[in-house]
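Undergrad: Fold the following for me, if possible:
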Amino acid sequence: MLPVKKVSKTRTRSRRAHHALRPVNLSPCPKCGKPKLPHVSCGTCGYVSAKLVLPMGEKEG
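TA: The predicted structure follows:
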């Protein structure tokens, strides 16, 4: 069976109002200054916090 009435444009667009993409929130690394995600280790230098630094492997190639 088919639906009795199509969903209106307003109802459809209201439902999709929260589907918008948000810009990525980047903050500078306090050690090297490169942009990184907050609460994540730096991909360049491995810095996490003053108490913890992750060792970064040497690049092969």
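Undergrad: Tell me which helix or strand in the protein has the weakest average pLDDT.
TA: The weakest-scoring helix or strand in the chain, judged by mean pLDDT, DSSP states H and E, is strand 52-53 (a mean of 64).
Undergrad: what's near enough to touch the most centrally placed residue in the chain?
TA: With distances taken as Cα atoms, centre = their mean, the residue of the chain nearest its centroid is residue 24 (5.0 Å). Residues counted as contacts of residue 24 (Cβ atoms under 8 Å, 6 or more residues apart in numbering) are residue 37. In this view, the C-beta of every residue, glycine as well, is placed from N, C-alpha and C.
Undergrad: how about the strands in this protein?
TA: 27-28, 35-36, 47-49, 52-53 (DSSP state E).
Undergrad: in the protein, which segments are predicted with low confidence?
TA: Along the chain, segments meeting pLDDT under 70 span 52-54, 56, 59-61.
Undergrad: again, only using 90
TA: Where the chain drops to pLDDT under 90, the residues are 1-6, 30-31, 39-61.
Undergrad: which stretches of it form helices?
TA: 9-15 (DSSP state H).
Undergrad: how much space between residue 10 and residue 27?
TA: 38 Å (Cβ to Cβ, to the nearest Å).
Undergrad: and those two? which has more neighbours close in?
TA: Higher neighbour count among residue 10 and residue 27: residue 27, with 11 against 8, using other Cβ atoms under 10 Å.
Undergrad: Please report the distance of that one from residue 15.
TA: Taken as Cβ to Cβ, the span from residue 27 to residue 15 is 33 Å.
Undergrad: repeat for residue 33
TA: Residue 33 sits at a distance of 42 Å from residue 15 (criterion: Cβ to Cβ).
Undergrad: Compute the number of surrounding residues for the residue nearest to residue 28 when sequence neighbours are not counted.
TA: Using Cβ to Cβ, 6 or more residues apart in numbering and skipping residues adjacent in sequence, the residue nearest residue 28 is residue 35, 6.1 Å away. Using other Cβ under 10 Å, residue 35 is surrounded by 12 other residues.
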